[in-house]
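K.L.:
The following block contains a protein sequence and its predicted model.
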Amino acid sequence: MRGAGAMQFDVVIVGGGPVGLAFAGSLSGTGLSVAVVEPQDEATLAAPAFDGREIALTHLSQDILRGLGAWARIPADIPSALREARVLNGGSPYALRFDTTGRQASELGRLVPNHRIRQALYEALSASPGGTRLLTGQRVTALETDVDGARVTLAGGGTIAAKLVVGADSRFSGTRRLAGIGAEMLEFGKSMLVARMRHARPHGHVATEWFGYGETIAMLPLNGEASSVVLTLPPEEIARMAAMDAAGFGAEITRRYRNRLGPMELASTRHTYPLVAVYARRFAGTRLALLGDAAVGMHPVTAHGFNFGLHGQDTLAAGIRAALAEGRDFAAGPVLRGYEAAHRQATRGLYLATNATALLYNDTRLPARLLRGAALRLGNHLRPFRQAVVSRLMEETGGPARV
Ligand SMILES: Cc1cc2nc3c(=O)[nH]c(=O)nc-3n(C[C@H](O)[C@H](O)[C@H](O)COP(=O)(O)OP(=O)(O)OC[C@H]3O[C@@H](n4cnc5c(N)ncnc54)[C@H](O)[C@@H]3O)c2cc1C
């Protein structure tokens, strides 16, 4: 579908978020011409502001970022080691523990602020040789695809013709909607507040997730005596916490976290997110693919949304490279369906398990309370279960993990 007056590219990526930028980077060196359409301006992409998210990156994700030239652009003192994760339930001191005992790696993963990942991906893409054009300050408003190609219309009226259009425009993806692809959506009726806290006691690089009754509070260990608080509450309570003065907020988080790390002080801006999980009914259509949160938007409790997005774009890029190497059409059905099948297989189980966990630990009724406690104790005693979760969390790439 090549029209007069349209800009022409091989691939148009809608969304210059971390997954869209990673995918553009993965295509560099293929000889394909790529456009990334992103509503934010280029200065914002080059130096994104802190957004409160600290992303727990698996070993595989770190390797993919290395391959993209992005990892080396994250200053060495920023990634914070995640050595152990503990899950606590209600008022009980009993914890389900996940650690690296018996494994090659000494860390479950590393925490890196989302804005630093975005900045590193932007810088790596800017430094890579040609091929990608960033169309910033632009938004896609219409989309047509057929067997010959795709055509997207921009808000200003311009059009882009391409052989493949890729939607990487968030869990509320306009591309998905314009392509007529439905999605399962699960609204948890809760919001999440994230911020950095300074505290007196050391965290020992242990993350804790404490499921109270009516609230969930996680602490993610950052370098220095600091942690990221991740608080889940009904939206009106989150709004109240976000508006509180800094001293009052620090005192309330100290109290809610039961003084486990001593007195805590607010050390950053606060950011809030609605909790909605999304799973697209299809990840591929005619000359179209969905990546990142547009395909699978995870509840953050298992820290896998970006990890999945990064792997998914890597899978699609590998399929495209293989097709190009064999002289096949890189945007034809078999390539896109291959990506869809692999990504569904990689994500569906954890997506469902994550939602079930989030719903169970949101439920304060007595049967759920009993089940919550029992699930934790059972989990600790089932070594294969713990090993399977740790393998999933770590995604080691240096050969099979020793169990
Ligand atoms: C509090 C929190 C903590 C998290 N922690 C983790 C974690 O520990 N580990 C993990 O793996 N994941 C985590 N995640 C998930 C992770 O942040 C997301 O999975 C990731 O940001 C998805 O990237 P994306 O590029 O697909 O989408 P987004 O980051 O949503 O980016 C989408 C981009 O598309 C652009 N866009 C929107 N509309 C249009 C349009 N019409 N046209 C063009 N462009 C458009 C947007 O401006 C944006 O730049 C967390 C999420 C939250 C909220």
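P.N.:
Structure received.
K.L.:
Please count neighbours and contacts with C-alpha atoms only from this point.
P.N.:
Fine.
K.L.:
State the distance from Val112 to Arg198.
P.N.:
For Val112, the distance to Arg198 (CA to CA, to the nearest Å) stands at 17 Å.
K.L.:
do the same with His271
P.N.:
Applying CA to CA, the value for His271 to Arg198 is 16 Å.
K.L.:
So those two - more neighbours on which side?
P.N.:
Between His271 and Arg198, counting by other CA atoms under 10 Å, Arg198 is the more crowded of the two (20 against 16).
K.L.:
and the residue nearest to the more buried one when sequence neighbours are not counted, what does it touch?
P.N.:
Distance criterion CA to CA, 6 or more residues apart in numbering; nearest residue to Arg198, sequence neighbours excluded, is Ala226 at 4.4 Å. By CA atoms under 8 Å, 6 or more residues apart in numbering, the contact set of Ala226 is 196-199.
K.L.:
now do 10 Å
P.N.:
196-203, 219-220, 261, 264-267 (CA atoms under 10 Å, 6 or more residues apart in numbering).
K.L.:
Among the residues you listed, the buried ones, what's the ChimeraX command?
P.N.:
The buried residues among the contacts of Ala226 can be selected in ChimeraX (16 or more other CA atoms under 10 Å) with this line:
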select :196,197,198,199,203,219,220,261,264,265,266,267
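K.L.:
Looking at the contacts of Ala226, which one is closest to the ligand?
P.N.:
Nearest to the ligand out of the contacts of Ala226 is Leu220 (CA to the nearest ligand atom; 9.2 Å).
K.L.:
pLDDT weak spots in the stretch 101-250 of the chain?
P.N.:
Where the stretch 101-250 of the chain drops to pLDDT under 70, the residues are 102, 213.
K.L.:
For it, which residues are neighbours of the ligand?
P.N.:
Applying CA under 6 Å from any ligand atom, we find that the stretch 101-250 of the chain lies next to the ligand at 139-140, 168-170, 174.
K.L.:
just those now: which is nearest Ala322?
P.N.:
Nearest to Ala322 out of these is Ala168 (CA to CA; 21.8 Å).
K.L.:
where's that closest one relative to Gln104, distance?
P.N.:
In this view, Ala168 and Gln104 are 34 Å apart by CA to CA.
K.L.:
Please say which of those two ends up with more neighbours.
P.N.:
Between Ala168 and Gln104, Ala168 has the larger neighbour count (other CA under 10 Å), namely 32 against 14.
K.L.:
Just list the residues touching the more buried one, thanks.
P.N.:
The neighbourhood of Ala168, defined by CA under 10 Å, 6+ apart, consists of 13-21, 23, 36-38, 174-176, 289-295, 309, 313.
K.L.:
swap the cut-off to 7 Å and go again
P.N.:
For Ala168, the contacting residues are 13-15, 19-20, 290-292, 294, by CA atoms under 7 Å, 6 or more residues apart in numbering.
K.L.:
got it, and Arg118?
P.N.:
Pro18.
K.L.:
Kindly confirm my reading that it is in a helix.
P.N.:
Yes: judged by DSSP: H, G, I helix; E, B strand; the rest coil, Arg118 forms part of a helix.
K.L.:
Do a quick rundown of the helices in the stretch 51-200 of the chain.
P.N.:
Ranges of helices within the stretch 51-200 of the chain are 59-67, 114-127, 174-178, based on DSSP state H, counting those that start in this stretch.
K.L.:
and the first one, which residues are buried?
P.N.:
Using 16+ other CA under 10 Å as the burial criterion, the residues of helix 59-67 that qualify are 59-65.
K.L.:
With the last one instead?
P.N.:
Residues of helix 174-178 classed as buried by neighbour count (16+ other CA under 10 Å): 174-176.
K.L.:
Check the longest one too.
P.N.:
Buried residues in helix 114-127, counted by 16+ other CA under 10 Å: 114-125.
K.L.:
re earlier: the contacts of Ala168: which ones sit near the ligand?
P.N.:
Among those, the ligand is touched by 14-15, 19-20, 292, 294 when using CA under 6 Å from any ligand atom.
K.L.:
Throw the residues you listed into TSV and include pLDDT and secondary structure, thanks.
P.N.:
Shown next, in TSV, are the ones next to the ligand among the contacts of Ala168 (pLDDT from 0 to 100; DSSP: H, G, I helix; E, B strand; the rest coil):
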residue	pLDDT	secondary structure
Val14	98	strand
Gly15	98	coil
Val19	98	helix
Gly20	98	helix
Gly292	98	helix
Ala294	98	helix
